[in-house]
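1. could you look at this predicted model? Sequence included:
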Amino acid sequence: MPQASNTSADTGWLKAISDVADKDNVYLSDQGWVYRHYKKDDKSVFWDEIIVAGAVPSGDSPAAFGAASPTFLTGDGTNAPLPDLISLTIGGSATATDGAAEAYTTTLVQTNVTDATYQWTTTDGSAVISAATAANTNVTFSAAGTYELKCVVSSADADGAETATIEVVVS
């Protein structure tokens with residue numbers, strides 16, 4: 001098993017592998033090198049991931065894995081981007097035929113969001129939404145008219161939501 005080492009030079013690979021990894025969030029634990037992922041801007045909620053497991057060399061002073069305030073590696077002083085939902089758009093036709101399935105898609109612009117959840121709704125209360133909690137869906141409108149089709153994407157990681165709406169004319 002690889003041996004963990006407590007030198008800054010040994011972590012140069014971290015930034016080379018990932019654009020979002022932040023050396024300021026790395027610490028040496030009693031189980032190996034750990035990366036702390038923050039779920040809130042104020043750093044009050046986090047989870048730790050062992051990135052290099054192994055024995056800690058004698059003479060080092062590791063923190064306990066999951067410690068509230070470990071000694072972090074001195075990094076570059078630049079924080080990785082926090083999870084954020086930036087924008088949401090809906091793709092698909094603004095016209096549909098009564099009783100025919102029409103495909104609709106979403107384009108979500110985000111950073112570091114791993115738990116995006118989707119919810120489709122329409123003002124046509126009798127419409128059939130084939131996948132109401134998926135990024136893309138088919139909608140079969142029940143009658144001629146003008147309806148609003150909306151998708152809301154939410155995330156606990158980003159503490160927020162993005163909403164997109166289009167008007168669909170059904171004939």
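-> Perfect, I can see it now.

2. residues contacting the strand or helix carrying Gln110, please?
-> Counting by DSSP states H and E, the element that carries Gln110 is strand 101-111. Identification of contacts with strand 101-111 by Cβ atoms under 8 Å, 6 or more residues apart in numbering yields 20, 81-93, 96, 116, 118, 120, 128, 130, 135-141, 149, 151, 153, 155, 158, 162, 164, 166, 168. Yep, even glycine has a C-beta here, placed from its N, CA and C like the rest.

3. and the residues you listed, which of them are in strands?
-> Per DSSP state E, strands hold the following members of these: 84-92, 96, 118, 120, 128, 137-140, 149, 151, 153, 155, 162, 164, 166, 168.

4. sort out which of those are buried, if you could.
-> Neighbour counting over the ones in strands among the contacts of strand 101-111 (16 or more other Cβ atoms under 10 Å) leaves 84-85, 88, 90, 92, 96, 118, 120, 137, 139-140, 149, 151, 153, 155, 162, 164, 166, 168 as the buried ones.

5. please parse this protein into its domains.
-> Domains of the chain are assigned by automatic domain parsing as 1-79, 84-170.

6. for Thr111, see how far away the residue lying closest to Thr95 once chain neighbours are set aside is.
-> Among residues not flanking Thr95 along the chain, Val169 sits closest, at 5.1 Å (Cβ to Cβ, 6 or more residues apart in numbering). Remark: distance between Val169 and Thr111 (Cβ to Cβ, to the nearest Å) = 35 Å.

7. number of nearby residues for Thr107?
-> Neighbour count of Thr107, defined by other Cβ atoms under 10 Å: 11.

8. got the confidence number for it?
-> pLDDT for Thr107: 96.

9. residues in contact with the residue nearest in space to the middle of the chain?
-> Closest residue to the average C-alpha location of the chain: Val113 at 1.1 Å, with Cα atoms, centre = their mean. Taking Cβ under 8 Å, 6+ apart, we find Val113 in contact with Pro83, Asp84, Leu85, Ser155, Asp157, Ala158.

10. can I get those residues in TSV including distance to Tyr104 and pLDDT?
-> Shown next, in TSV, are the contacts of Val113 (distance: Cβ to Cβ, whole Å; pLDDT from 0 to 100):
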residue	distance to Tyr104	pLDDT
Pro83	25	82
Asp84	24	87
Leu85	19	91
Ser155	20	93
Asp157	25	82
Ala158	23	84
